[in-house]
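Peer 1: can you look at this prediction? I've put the sequence above it.
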Amino acid sequence: MGTSEFAKEILKSIIDKVDVALVVSQPDSLVGRKQVLTPSPVKTFATLNNIEVFTPQNIKTDFSKIEEVQPDLIVTCAYGQIIPKTLLDLPKLGCINVHASLLPKLRGGAPIHRAIMDGLEETGITIMYMDEHMDTGDVIDKDTVKIDLDDNLDSLTQKLIVCAKALLIKTLPTLIDGTSKRTKQSDSDATYANIIKKEDELIDFSRKTREVYDKIRALDPAPGAYFTMNGEVVKVYSSEMGLGKGTPGEIINIYKDGIGIATQDGEIIVKEIKLAGKNRIKVRDYLNGIKRDNLLGVVCNEK
RNA sequence: CGCAAAUUGGAGCAGUUGGUCAGCUCGUUAGGCUCAUAACCUAAAGGUCGCGGGUUCGAAUCCCGCAUUUGCAC
């Protein structure tokens, strides 16, 4: 059971290892400006591989289809709905979840984004039994992944996918032969990774350079961190940390391929942006089309 | 049929009382300067101004339709 691109990769890794009887995913949803009915990545992949797909609107009440299949094991990954107790008790080997953090850290829907945004140096994958709450079940196994200073959301996700596949393949046999372990989570050590909201995407220049830098890379390539300049939305995808000084939010330097904006303790140099109505471009290109001098001294996020 | 903006040489842009309007900043190619250079100088190539209609003596510039991209909403 899963929905996202990440979950799709997990499914891909086990598809030839075990007999996947049924794939459960979120219903097709209306996406984007055109409100096109789009199936989830998991559904698309499963259909392509001739696996039956079930997409209940509400799994709490609509799960008879799953009971019919009589699964030995249920594996979920970023499914998006809470699984009812009846279903949790159904498979004899249990219901396990693949979560992209080192639980009990970063419980919730956006563990990868938050790991980078919080400036962590490592995160990882946890495989756990599910219970009736969000990411609170007993841990079976976990593995650590390092976060490099130049990782962004995409690169870290790729690393985690590799890690998750390996860990799952290692774990599955132990579940089947009963040698797997089971460790309770320490609730007092728990932290939470809430899903990213619009206000989480706004860059706050009154914070430290490193925090701004982390936010930008945590949201690259999507949905993108942003700030406003002369009332226009500017999304930022890549940046570097600099040492300039100035009032937070003020543009203090124009480089050949970057714009330096003052933060609380330094300067963030944005390198790749997207303006309203435009495509993602390098700041170098952006600077080719405008009068550079007009930018100096502009204070961002005003108005 | 959610709201809105954009579409000009390889890139980013300028260009509306419609008539030198095809231009700027880069890039590219060739040559030069230099110990050397991503720095500087000179020259050149490169555009059916998104597509299709319409108005007009004449449209990148006005009107209608379509496509694509993007912001917001969802």
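Peer 2: Structure received. Numbering: from 1, shown residues only, chains lettered A, B, ... in the order given.

Peer 1: only C-alpha atoms from now on, for both contacts and neighbour counts.
Peer 2: Fine.

Peer 1: how close does A:Arg107 get to A:Asn253?
Peer 2: For A:Arg107, the distance to A:Asn253 equals 40 Å [CA to CA, to the nearest Å].

Peer 1: which residues touch the closest residue to A:Ser186 other than its chain neighbours?
Peer 2: Of all residues not flanking A:Ser186 in the chain, A:Pro104 sits nearest, at 6.6 Å (CA to CA, 6 or more residues apart in numbering). A:Pro104 is in contact with A:135-136, A:185-187, A:189-191, counting by CA atoms under 8 Å, 6 or more residues apart in numbering.

Peer 1: could you look up the SS state of A:Pro104?
Peer 2: In three-state terms, and counting by DSSP: H, G, I helix; E, B strand; the rest coil, A:Pro104 is coil.

Peer 1: same thing with the one 10 residues further on?
Peer 2: Counting by three-state DSSP, the backbone at A:Arg114 sits in helix.

Peer 1: tell me the pLDDT at the nearest residue to it once chain neighbours are set aside?
Peer 2: Once flanking residues are discounted, A:Arg114 sits nearest to A:Ala193: 5.7 Å by CA to CA, 6+ apart. A:Ala193 carries a pLDDT value of 87.

Peer 1: for A:Gln57, same thing?
Peer 2: A:Gln57 carries a pLDDT score of 81 in this model.

Peer 1: need the phi and psi values for it.
Peer 2: A:Gln57 adopts backbone torsions of phi -70, psi -40, taken as degrees, to the nearest 10.

Peer 1: number of nearby residues for it?
Peer 2: 13 (other CA atoms under 10 Å).

Peer 1: from A:Val36, how far off is A:Thr44?
Peer 2: As for A:Thr44, its distance to A:Val36 is 15 Å (criterion: CA to CA).

Peer 1: of these two, who's got more company?
Peer 2: Using other CA under 10 Å, the more surrounded residue of A:Thr44 and A:Val36 is A:Thr44, with 15 against 11.

Peer 1: surely the more buried one forms part of a strand?
Peer 2: No. Secondary structure of A:Thr44 (three-state DSSP): helix, not part of a strand.

Peer 1: please enumerate the strands of chain A.
Peer 2: A:23-24, A:29-31, A:36-38, A:53-54, A:74-76, A:95-99, A:122-129, A:139-146, A:225-229, A:232-242, A:251-254, A:259-262, A:267-275, A:280-282 (DSSP state E).

Peer 1: between the two ends of stretch A:144-155, how far is it?
Peer 2: Taking CA to CA, stretch A:144-155 runs 15 Å from one end to the other.

Peer 1: tell me the buried residues in that stretch?
Peer 2: Neighbour-count burial for stretch A:144-155, counted by 16 or more other CA atoms under 10 Å, picks out A:145, A:147, A:151-155.

Peer 1: ok, so of those residues, who is nearest A:Phe54?
Peer 2: The shortest gap between A:Phe54 and any of those belongs to A:Asp154, at 28.4 Å (CA to CA).

Peer 1: can you list the low-confidence ranges for chain A?
Peer 2: A:303 (pLDDT under 70).

Peer 1: looking at it, A:Phe54 is touching A:Ser25, isn't it?
Peer 2: Yes. Using CA atoms under 8 Å, A:Phe54 is in contact with A:Ser25, at 6.3 Å.

Peer 1: who are the contact partners of A:Lys282?
Peer 2: A:257, A:271-273.

Peer 1: same question for A:Thr174.
Peer 2: For A:Thr174, the contacting residues are A:Ser180, by CA under 8 Å, 6+ apart.

Peer 1: from RNA strand B, how far out is it?
Peer 2: A:Thr174 sits 41 Å away from RNA strand B, going by CA to the nearest atom of the strand, to the nearest Å.

Peer 1: so which residues on chain A come close to RNA strand B?
Peer 2: A:30-35, A:198, A:233, A:275-279, A:281, A:285-290 (CA under 7 Å from any atom of the strand).

Peer 1: of the residues you listed, buried ones?
Peer 2: Buried, going by 16+ other CA under 10 Å: A:233, A:275, A:286-287, out of the residues of chain A next to RNA strand B.

Peer 1: of these, closest to A:Val212?
Peer 2: A:Val212 lies nearest to A:Val233 out of these, by CA to CA, at 16.6 Å.

Peer 1: just to revisit the earlier point, now render the contacts of A:Pro104 as TSV, adding neighbour count.
Peer 2: Output for the contacts of A:Pro104, formatted as TSV (neighbours: other CA atoms under 10 Å):
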residue	neighbour count
A:Asp135	25
A:Thr136	20
A:Gln185	17
A:Ser186	12
A:Asp187	11
A:Asp189	9
A:Ala190	14
A:Thr191	14
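
Peer 1: re earlier: A:Phe54 and A:Ser25: which is more packed in?
Peer 2: Legend: neighbour count by other CA under 10 Å for A:Phe54 and A:Ser25, higher for A:Ser25 (29 against 17).
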